[in-house]
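Novice: model the structure of this input:
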Amino acid sequence: MLLTGNSTDAVLSEELRRVVDWDKDLPEYVFRSRGFKFLFFERPIIDNGDLLFDLISSNAQSYTTDAWVSFGSPHAAGYAQFYFDEVDLAPRVSTLQKDFRDFFGGSVDYPVLMTNKNLDWIAFESSHEELGVLAVRSDGGRARKFIDRFKAGTFIACEQMEAGTPAALQLQGAYGRLIQILHKNYCF
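Specialist: Residues are numbered from 1 along each chain as shown. Model (predicted):
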């Protein structure tokens, strides 16, 4: 269900303001703090039904809290949220994908963020870059459990972006300098 205006979750919006620097965009570092493990994915995440479903399912199994999609900046007009719970997940994913094709009739905008209520993980994608970033709080067991649920090759890891490695050369062939810039800004 798309929530707009006063119906958005104000607590989630405020927490996102504290964690994300809304004045920045990818490939810049868009988070206000460190303490995350970073992985990268091809955008748009909402069009990738398997990844979208896996993110929401892994969240439910690892963190047992609801997942959200956030459209636009919380302090801008047109900000909206889409809420997921574990009930009727497949139809909700289908609805989100269908309605996102035209940006909910032009009523939502980038950046698109996916997260859970506790902000244990945040997937951030911009309209300007081919890759988005998944930030997972480095809390040990639950973070590892969350990440390990995905198939190999789902995400690009920082280690794959290290200059001179065969993986980095292959990625640079596909994404150009974006790989070097993301590695510099996120893989420290």
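Novice: spatially central residue for this protein, please.
Specialist: Ala123 (1.2 Å; Cα atoms, centre = their mean).
Novice: let's verify that residue: helix, strand, or coil?
Specialist: For Ala123, the assignment made with DSSP: H, G, I helix; E, B strand; the rest coil gives strand.
Novice: next SSE downstream of the helix or strand bottoming out on mean pLDDT in the chain?
Specialist: Sorted by mean pLDDT, DSSP states H and E, the helices and strands of the chain end with strand 2-4, the least confident at a mean of 77. The first helix or strand that comes after strand 2-4 along the chain, using DSSP states H and E, is helix 10-19.
Novice: dump that next one to PDB, restricted to CA.
Specialist: Extracted in PDB, the C-alpha atoms of helix 10-19 (Å, rounded to 0.1, in the frame of the first residue of the first chain):
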ATOM      1  CA  ALA A  10       6.800   9.800  10.600                       C
ATOM      2  CA  VAL A  11       9.200   7.800  12.800                       C
ATOM      3  CA  LEU A  12      10.700   6.000   9.800                       C
ATOM      4  CA  SER A  13      11.000   9.300   7.900                       C
ATOM      5  CA  GLU A  14      12.800  10.900  10.800                       C
ATOM      6  CA  GLU A  15      15.200   8.000  11.200                       C
ATOM      7  CA  LEU A  16      16.000   8.000   7.500                       C
ATOM      8  CA  ARG A  17      16.800  11.700   7.800                       C
ATOM      9  CA  ARG A  18      19.300  10.900  10.500                       C
ATOM     10  CA  VAL A  19      21.000   8.100   8.500                       C
END
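Novice: can you give me the strands for this structure?
Specialist: Along the chain, the stretches classed as strands by DSSP state E are 2-4, 36-42, 67-71, 80-84, 112-116, 121-125, 131-137, 156-157.
Novice: now the ones you listed as JSON lines including distance to Ile56?
Specialist: Backbone N, C-alpha and C define where each C-beta goes, glycine included. Shown next, in JSON lines, are these (distance: least, Cβ to Cβ, whole Å):
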{"stretch": "strand 2-4", "distance to Ile56": "16"}
{"stretch": "strand 36-42", "distance to Ile56": "14"}
{"stretch": "strand 67-71", "distance to Ile56": "5"}
{"stretch": "strand 80-84", "distance to Ile56": "5"}
{"stretch": "strand 112-116", "distance to Ile56": "8"}
{"stretch": "strand 121-125", "distance to Ile56": "11"}
{"stretch": "strand 131-137", "distance to Ile56": "13"}
{"stretch": "strand 156-157", "distance to Ile56": "21"}
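Novice: averaging pLDDT over each of the ones you listed, which comes out lowest?
Specialist: Mean pLDDT is lowest for strand 2-4 out of those, coming in at a mean of 77.
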